[in-house]
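*Asks:* compute the structure for the input listed below.
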Amino acid sequence: MSLTDTLRKDMFKAIKDGAKDESEILKMALASIKNAQIESEKELTDKDIQKILRSEVKKIKDSIEQFKKMQRDDLVTREVLQLEVLQSYLPQPMSEDEVKKVVEAKVKELNAESMRDMGKVMGVVMKELEGKADGNTVKNIVQDVLG
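*Replies:* From the prediction side, this is the model:
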């Protein structure tokens, strides 16, 4: 069963169970997937769908930050629930130690010596870790290793 089918099945189950917040976030995710599919004019793979879900997760995290600044705890709570729902459909991210091992290996492989090589290292590492690690985490680790 594809990830889209799983999302759709879980959305109907949430509606049936009366889980309004969960059903709404799944509807939003499915709408984003449908829009991306229309734009690309091809069938999306599970990897493509995960990329879309990660984008939605990033938007929700940004919203949480904004709501915290505005001291809107009611909205923060709702967004955190939505975040948890979407993250349950994504693979677990790598630990910082695992990312650091990959970064150190790539730094050696590329003979990177200073912060001037950061862009080159980031490009290679992000391509290898696509979807397995947060970009900010990778950036911080690359800076530590090269710095």
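
*Asks:* can you give me the buried ones in stretch 139-147?
*Replies:* Of the residues in stretch 139-147, those buried under the neighbour-count criterion (16 or more other C-beta atoms under 10 Å) are 141-142, 145-146. Glycine gets a C-beta too; all of them are placed from N, C-alpha and C.

*Asks:* do stretch 74-93 as well
*Replies:* Using 16+ other C-beta under 10 Å as the burial criterion, the residues of stretch 74-93 that qualify are 76, 78-79, 82-83, 85-86, 89-90, 93.

*Asks:* these into a markdown table, with extra columns for pLDDT?
*Replies:* What follows is the buried residues of stretch 74-93, written out as a markdown table (pLDDT from 0 to 100):
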| residue | pLDDT |
| --- | --- |
| Val76 | 91 |
| Arg78 | 90 |
| Glu79 | 92 |
| Gln82 | 91 |
| Leu83 | 91 |
| Val85 | 92 |
| Leu86 | 91 |
| Tyr89 | 90 |
| Leu90 | 88 |
| Pro93 | 81 |
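
*Asks:* just give me the closest of the residues you listed to Lys68.
*Replies:* Val76 (5.8 Å; C-beta to C-beta).

*Asks:* cheers, nothing more for now.
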